[in-house]
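1. Provided below for reference: sequence and predicted model.
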Amino acid sequence: MKIWDKGIAVDKKIEQFTVGRDRELDMYLAQFDVQASRAQANMLAGAGLISAEENQQLQQGLQELAAQLEAGTFTIGEDFEDVHSKIESYLTEHYGDAGKKIHTARSRNDQVLTAIQLFLKDYTQRAAARTLELVEVLLQKAEAHQHDLMPGYTHFQAAMPSSFGLWFSAYAEHLLLDLALFEAAHTVADQNPLGSGAGFGSSFPIDRLQTTREMGFGQLAVSSVGAQMLRGKTEKTVAFALAGMAATLAKMSYDLVLYNGQDMAFVELPKEFTTGSSIMPHKKNPDVFELIRARCNALQALPNTLMLATGNLPSGYHRDFQILKEILFEPMTQFLDILDIVLFALPQLRIKPNLLNQPKYDAVFTVENINQLIQTGTPFRTAYKQVGLAVEDGSYVPHKEFQTTHLGSVHNLGLEEIQAKVATFRAGSRLMG
């Protein structure tokens, strides 16, 4: 069944190609198409385009479909082109003419777009909630290890004293910055396109504000032409948000892969979190963070892939948009899986104490030696040269007793300030609604 069927058969090979993976990928959209169809039916009744009895029948049928989705029994068979035709067919089969009327004043264009907008809006909220869980874990680790020093690196060389508290809190703060991109994606997804039809509205007296309120959209996409232009725009905005957060998680994972190695040995994963070698019995490989790194790096390609697919299209609907589901939906699920595994593994990461007591890290205290000389009245440039010469001639003795005081430094992490950022985000973000 096709909701555009006029009784003209389509070549099977053409049909197979044009349907593509829609039946599989539309399962992501099914609950949201049901939600939008309920609002559509209520609006049609309010506008006098269907009777109250017909609306009651449609609401009953849509509730039955929602129950099937909840129970996991809803499927889209090969008899149907997509989820939208499956839902309309079910309503028609069970409720006759009422089912045939659900598509009044609606195009498949705005029908599909509304379900996608609802799906992506819901996704940004779920991803943000899990990200905030990770932020809290990182801040807890930062507080627990704020006194555990580690060498900080530039150019892959030990540079100055840092701490695990500083390292954990850095990633917590950057994930909050990444959530700003999710906030933007949520804003774009929170626009209701229903009622825009094929992109030019309808001559029926529909109430688009009613459906906006009922579906919980924050705003109406007012222009019917502009509403259709959301297709591709919302997906790209979500992709940029995913790519930004994936970059942060990839960097963190790379750090942990390095820190877990024998040469650094800053951290240790539980044995059951590592894999072994088929030939080297001593190996305990941090595969979990290597795979997170690789998958997050792949996610960073999403915006470019989506732009290449849609970048040269004019306004209006084009079938090109269909492949956006193939490009984006499964990576979105994969990203949630990545967040879940990070949330599972990170709390059990073990930190090695007293790292800076090793002689190989003595040089990271050279700046502290310089600062000590400055406090006795030696100009910075003179002190810099003196310490540098001492390092070269072997007379350097590290000044390991130091104390930082400024906000965001080794001994003053500013965790309360970062927690305040979290609280501000929770209080002010529409993602938390």
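-> Received it, and whenever you're ready, just let me know what you need. Residues are numbered from 1 along each chain as shown.

2. contacting residues around the nearest residue to Met245 once chain neighbours are set aside?
-> Spatial nearest neighbour of Met245, excluding adjacent residues (C-beta to C-beta, 6 or more residues apart in numbering): Asp178 at 4.0 Å. Just so you know, the C-beta spots here come from the backbone N, C-alpha and C atoms, and that holds for glycine as well. Residues near Asp178 by C-beta atoms under 8 Å, 6 or more residues apart in numbering: Thr131, Ala241, Gly244, Met245, Thr248.

3. The same query, at a cut-off of 10 Å, please.
-> Ala128, Thr131, Val135, Ala241, Leu242, Ala243, Gly244, Met245, Ala246, Ala247, Thr248, Leu249 (C-beta atoms under 10 Å, 6 or more residues apart in numbering).

4. Show me the two of these that sit farthest apart.
-> Val135 and Ala243 (18.7 Å; C-beta to C-beta).

5. any idea which helix or strand comes after the longest helix belonging to the chain?
-> Looking across the chain with DSSP state H, the single longest helix is helix 108-144. Where DSSP states H and E defines the elements, the next helix or strand beyond helix 108-144 is strand 149-154.

6. Which elements pack onto that following strand?
-> strand 157-163, helix 164-189, helix 230-260 (3 or more C-beta pairs under 10 Å, 6 or more residues apart in numbering; DSSP states H and E).

7. Of all the ones you listed, which one is nearest Gln358?
-> Comparing those by C-beta to C-beta, strand 157-163 comes nearest, at 10.2 Å.

8. hmm, who's touching that closest one?
-> 142, 145-154, 169-170, 264, 355-356, 360-368, 398, 400, 402, 404, 409-411, 413.

9. Surely Phe156 touches Asp255?
-> No - Phe156 lies out of contact with Asp255 (C-beta atoms under 10 Å); the separation is 11.8 Å.

10. neighbour-wise, which of these two wins?
-> Asp255 (19 against 7; other C-beta atoms under 10 Å).

11. Neighbour count: Val135 and Ala243, which is higher?
-> Neighbours per residue (other C-beta under 10 Å) separate Val135 from Ala243, with Val135 holding more: 24 against 21.

12. In this structure that one contacts Phe425, no?
-> Yes - taking C-beta under 10 Å as the definition, Val135 is a contact partner of Phe425 at 9.0 Å.

13. so what sits against both of these two?
-> Leu176, Leu179.

14. which ones are touching Thr382?
-> Ile370, Leu373, Ile374.

15. Surely it is in a strand?
-> No - with DSSP: H, G, I helix; E, B strand; the rest coil as the criterion, Thr382 is located in helix rather than a strand.

16. Per-residue confidence, the closest residue to Gly276 other than its chain neighbours, what does it come out as?
-> Leaving aside its chain neighbours, Gly276 sits nearest to Lys283 (5.4 Å; criterion: C-beta to C-beta, 6+ apart). What the model reports for Lys283 is a pLDDT of 76.

17. if I look at Lys283, how far off is Gln348?
-> According to C-beta to C-beta, to the nearest Å, Lys283 and Gln348 sit 20 Å apart.

18. and what of Asn369?
-> 38 Å.

19. close enough to count as contact, the residue nearest to Gly276 and Lys271?
-> No - counting by C-beta under 10 Å, Lys283 stays clear of Lys271, with 11.5 Å between them.

20. The two: which is more packed in?
-> For Lys283 versus Lys271, neighbours defined as other C-beta under 10 Å are more numerous around Lys283 (11 against 8).

21. and that one, which of the three is it?
-> coil.

22. where does it fall, phi/psi-wise?
-> Main-chain torsions, Lys283, degrees, to the nearest 10: phi -70, psi 140.

23. wouldn't Ala265 be in contact with Lys360 here?
-> No - checked against C-beta under 10 Å, the pair Ala265 and Lys360 is beyond contact range at 11.7 Å.

24. as a whole number, average confidence for stretch 352-363?
-> So the average pLDDT for stretch 352-363 ends up being 95.

25. just stretch 127-140 next, same as before
-> Mean pLDDT, stretch 127-140: 98.

26. With only the CA atoms kept, save that stretch in CSV.
-> Extracted C-alpha coordinates of stretch 127-140, given in CSV (Å, rounded to 0.1, in the frame of the first residue of the first chain):
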residue,chain,number,x,y,z
ALA,A,127,21.4,12.7,24.6
ALA,A,128,21.7,15.8,26.8
ALA,A,129,20.4,14.0,29.8
ARG,A,130,23.0,11.2,29.4
THR,A,131,25.7,13.8,28.8
LEU,A,132,24.9,15.6,32.0
GLU,A,133,25.2,12.2,33.8
LEU,A,134,28.7,12.0,32.4
VAL,A,135,29.5,15.5,33.4
GLU,A,136,28.6,14.7,37.0
VAL,A,137,30.7,11.5,36.9
LEU,A,138,33.7,13.5,35.7
LEU,A,139,33.2,16.2,38.4
GLN,A,140,33.0,13.4,41.0
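
27. Pull out the buried positions in that stretch.
-> Using 16 or more other C-beta atoms under 10 Å as the test for burial, stretch 127-140 gives Ala127, Ala128, Arg130, Thr131, Leu132, Leu134, Val135, Val137, Leu138, Leu139.
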